[in-house]
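In: model this:
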Amino acid sequence: MKRIVDAGARGGYRVWLKYNDGTEGEVNLSDLAGRGVFKVWEDRRVFETVRVTEGGALMWEGGLDLCPDA
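Out: Below is the predicted model of the structure:
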């Protein structure tokens, strides 16, 4: 099963992802920005705190996360 092993914030609410099989790419999360719990991304510094949890989820400062199955 592919799993995210590294991530980094890019411009325009895009996130660069690297998977355990070496695959790399970007995902555009702009459709989430500013809505509901993702309103915190309006502070760009929060969006840039993206990291990968041990379980393979994307997580941001304050405990905001995206499940790896999503």
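In: all helices for this protein, in order.
Out: Using DSSP state H, the helices found in the chain span residues 44-47.
In: ok, and the closest non-adjacent residue to the residue nearest the centre of it?
Out: Nearest to the geometric centre of the chain sits L58, at 4.5 Å (C-alpha atoms, centre = their mean). Leaving out its chain neighbours, the residue that sits closest to L58 by C-beta to C-beta, 6 or more residues apart in numbering is L66, at 4.5 Å. For glycine as for every other residue, the C-beta is placed from the backbone atoms N, C-alpha and C.
In: which residue sits closest to W60 in space, ignoring its chain neighbours?
Out: T49 (5.2 Å).
In: counting neighbours, what do you get for that neighbour?
Out: If you count neighbours by other C-beta atoms under 10 Å, T49 ends up with 13.
In: count the neighbours of V37 for me.
Out: 12.
In: give me the sheet partners of the least confident helix or strand in the chain by mean pLDDT and which way each runs.
Out: When the helices and strands of the chain are scored by mean pLDDT, DSSP states H and E, strand 64-66 comes last with a mean of 93. The pairing partners recorded for strand 64-66 under DSSP bridges are strand 58-60 (antiparallel).
In: now the strand it pairs with: average pLDDT?
Out: Averaged over strand 58-60, pLDDT sits at 97.
In: what does stretch 35-54 give?
Out: 95.
In: beta partners for the nearest residue to G25 once chain neighbours are set aside?
Out: Nearest non-adjacent residue to G25, counting by C-beta to C-beta, 6+ apart: L17, 6.0 Å away. Per DSSP bridges, the residues bridged to L17 are A7, G25.
In: which ones are touching the closest residue in space to Y19 that isn't next to it in sequence?
Out: Excluding its sequence neighbours, the residue lying closest to Y19 (C-beta to C-beta, 6+ apart) is K2, at 4.7 Å. Applying C-beta atoms under 8 Å, 6 or more residues apart in numbering to K2 gives the contacts Y19, N20, D21, T23.
In: all set, thanks.
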